[in-house]
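Asker: no sequence on this one, just coordinates:
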């Protein structure tokens, strides 16, 4: 979620990027570099629901794990 004191306006002013793998149904996330050194992530379908914040190292680890398929839904 957003850090204490961070407003929706401040988050809206970030340069958000959507994955090139986004499909037409909008099931994707957006990523932005927030206050250094954080990476901000939000759901494209509900941008006001909240923003996850993590370190660049945590984001890199998440991407590496996602590339292995560990989060793929198999049912």
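Answerer: Cool, got the structure. Every value quoted in this text rests on a predicted model; they were computed, and no experiment measured them.

Asker: low-confidence ranges in this structure?
Answerer: 1-9, 21-26, 35-36, 74-75 (pLDDT under 70).

Asker: give me the number of residues near the closest residue to residue 30 other than its chain neighbours?
Answerer: Take residue 30 and drop its neighbours on the chain: the residue closest to it by C-beta to C-beta, 6 or more residues apart in numbering is residue 16, 4.3 Å away. Glycine gets a C-beta too; all of them are placed from N, C-alpha and C. Residue 16 is flanked by 18 other residues according to other C-beta atoms under 10 Å.

Asker: Would you quantify the distance from residue 45 to residue 70?
Answerer: Using C-beta to C-beta, to the nearest Å, residue 45 is found at 23 Å from residue 70.

Asker: so what does the helix ranked longest in the chain touch, helix or strand wise?
Answerer: Counting by DSSP state H, the longest helix found in the chain is helix 56-68. Here helix 56-68 touches strand 39-43, going by 3 or more C-beta pairs under 8 Å, 6 or more residues apart in numbering; DSSP states H and E.

Asker: now the angle between helix 56-68 and the strand it packs on, please.
Answerer: 50 degrees (axes from the mean of the first three to the mean of the last three C-alpha atoms, to 10 degrees).

Asker: Which residue would you name as the spatial centre of the chain?
Answerer: residue 41 (1.8 Å; C-alpha atoms, centre = their mean).

Asker: Need the nearest residue in space to that one, chain neighbours excluded.
Answerer: residue 52 (4.6 Å).

Asker: out of everything not next to it in sequence, what's closest to residue 62?
Answerer: residue 54 (7.4 Å).

Asker: What's opposite that neighbour in the beta bridge?
Answerer: residue 39 (DSSP bridges).

Asker: any idea how far residue 34 is from it?
Answerer: Residue 54 is 10 Å from residue 34, by C-beta to C-beta.

Asker: Looking at the two, which one has more neighbours?
Answerer: Neighbour totals were compared for residue 54 and residue 34, and residue 34 leads with 19 against 16 (other C-beta under 10 Å).

Asker: is it true that that one touches residue 13?
Answerer: No. If you go by C-beta atoms under 8 Å, residue 34 and residue 13 don't touch, sitting 10.4 Å apart.
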